[in-house]
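Peer 1: Sequence unavailable; structure follows:
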Ligand SMILES: C[S@@+](CC[C@H](N)C(=O)[O-])C[C@H]1O[C@@H](n2cnc3c(N)ncnc32)[C@H](O)[C@@H]1O
């Protein structure tokens, strides 16, 4: 983690913290401070399923979840978007609720957080291949 001072647009001096990968749990965001996260986890697990605009770098909610909640706690994201918080809650063994006004966001979050049985997935894949093999182009 690197704390540096850079010139801002509105205020003459704002400090910018540059973080590569996971944030240290002892890290505190200071008032007025900017954070630049260089993510290592954007495609980790289901995080890369869709390029939902303005989604979190997973490292930020992971830090907040682990810093402010315990295993088994409930986390609410009332503007869940692509469900980054909810995926990270699964990773950190927290329960979570996602709310979003956008039906696509709700579908995407459900897809990204629903565990699938490996045998069902394999059977479905084989069924799909068989359907394609039998498909006659028009
Ligand atoms: C910045 S995005 C959240 C992105 C999310 N953190 C992620 O990582 O994908 C904000 C979300 O808030 C939702 N939203 C906006 N107004 C809302 C409202 N009044 N109630 C519920 N969701 C709302 C939008 O549909 C959008 O998905």
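Peer 2: Received the coordinates, thanks. Note that this is a predicted model, so its numbers are computed, not measured. Numbering: from 1, shown residues only.
Peer 1: residues near the residue in the chain that the ligand sits nearest to, how many?
Peer 2: Residue nearest to the ligand within the chain: residue 81 (2.5 Å; Cβ to the nearest ligand atom). Every residue, glycine included, has its C-beta placed from N, CA and C. Other residues near residue 81 come to 22 when the count uses other Cβ atoms under 10 Å.
Peer 1: That one belongs to a strand?
Peer 2: No: counting by DSSP: H, G, I helix; E, B strand; the rest coil, one finds residue 81 to be coil, located in no strand.
Peer 1: got a list of what it touches?
Peer 2: Neighbour list for residue 81: 52, 54, 55, 56, 100, 102, 105, 109 [criterion: Cβ atoms under 8 Å, 6 or more residues apart in numbering].
Peer 1: do that again at 6 Å, thanks
Peer 2: Applying Cβ atoms under 6 Å, 6 or more residues apart in numbering to residue 81 gives the contacts 52, 55, 105.
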